[in-house]
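> Model the following, please.
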Amino acid sequence: MASVVGTFTVDPRSRAAKRRARGEGATGWAFVSPSVVIILGLSVVPVLWSLLLSFQVNDLVSPSEWVGLANYKALVKDPAFGSAVSHTLIYTALYVPLSVVAGLGIAIALDRKIALIGLYRTLVFVPFVVSAAAQGVLFSFVLDPEFGVANSLLHKLGLPAQGFFSDPGQALYLLVAISLWSGTGFCVIVYLAGLQGVSSDLVEAARIDGAGRWGVLRHVTLPALAPVTIFLLLFQTINALQVFDLVFVTTKGGPLGSTTVIVYFIWEKAFKTFTAGYSAAAAYTLAVALLVVGAALQIYRRRVAAR
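Here you go, the predicted structure:
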């Protein structure tokens, strides 16, 4: 029987259903609360704490002192930070387009049915799953100026020995080459997946209209792969701007600071000179740059999709 309160009729079954729903909600939150606490403790809280730290002078030991925007103003005038930004931009400008273009070319070459095609695709992708630390150790041995395989081979060919990682003019470009060796495989796999979505009807129609291989690529394949390309540009740019572990293992920012990139600069200021506030300011400068790059590519992606 329904009970009447004033002019409203309340169904007991409805009240029971609401209590049951609240109980289920409380049970759900009880299960996910440990994960929520971990996420807040390991991500949100450190982000907020480092933001506050960027406005302070802090050596991780003594009491901090609030200095406002002084750390950010010092970054603008710091030639070491400017050099790190320059090295990072050079690395990014070389690595991103080369990895994407090479990935597209290799993916198109592997997008066919031939013997052992699965093996070829696997061999291309394997370097990507090798950690940057392992890559750094491997190439440090191969490119060692005195005992490395590379100089030994050059000697047998009658060519002069190279400094490699000990040469300021070569070290940064070698890091780009190593990154291409490992990072191109990811672009290949993503492009191969994207090529499966290219309409065979459009390709056939273009060929009937007289388009050659280049014409099909330019007018059918590339436009169909535009969303994939934008994703790869964003992904590779973020990875390039955040490069650290390969630098740390191989050159440690040297020689003569020629491979000091932004993230290595941040680490160095935080854990070698113990200027944590200054380091946090540099980290947030990088974060803003990443947000700008991500927003620009997302806007471009939406414009391409709207056409």
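
> buried sites along the helix or strand where Val188 lies?
Val188 belongs to helix 171-195 when assigned by DSSP states H and E. If you call a residue buried by 16 or more other Cβ atoms under 10 Å, then helix 171-195 has these buried ones: 171-172, 174-176, 178-180, 182-192, 194-195. For the C-beta atoms, the positions are set from N, CA and C on the backbone; glycine is no exception.

> For the stretch 1-150 of the chain, which segments count as helices?
For the stretch 1-150 of the chain, the helices defined by DSSP state H, counting those that start in this stretch cover 12-39, 45-53, 70-77, 79-110, 117-129, 132-142, 149-156.

> Show me what the third one packs onto, helices and strands only.
Secondary-structure packing of helix 70-77 (3 or more Cβ pairs under 8 Å, 6 or more residues apart in numbering; DSSP states H and E): strand 56-57, helix 276-306.

> Let's see that with 10 Å instead.
If contacts are counted by 3 or more Cβ pairs under 10 Å, 6 or more residues apart in numbering; DSSP states H and E, helix 70-77 sits against strand 56-57, helix 79-110, helix 276-306.

> any idea which of the helices of the stretch 1-150 of the chain is most buried?
When those are scored by mean count of other Cβ atoms under 10 Å, the highest mean neighbour count falls to helix 79-110 (a mean of 18).

> Quick check: mean pLDDT of the helix holding Val188?
Regarding helix 171-195, the rounded mean pLDDT is 93.

> Give me the angle between that helix and helix 117-129.
For helix 171-195 against helix 117-129, the angle by axes from the mean of the first three to the mean of the last three Cα atoms, to 10 degrees is 140 degrees.

> chain center to helix 171-195: distance?
Helix 171-195 sits 12 Å away from the centroid of its parent chain (Cα atoms, centre = their mean, to the nearest Å).

> now stretch 225-243
On Cα atoms, centre = their mean, the centre of stretch 225-243 falls 7 Å from the chain's centre.

> list the buried ones in it?
By neighbour count with 16+ other Cβ under 10 Å, stretch 225-243 contains the buried residues 225, 228-230, 232-237, 239-241, 243.

> Out of these, the closest to Val142 would be?
Set against Val142, the nearest of those by Cβ to Cβ is Val243 (19.5 Å).
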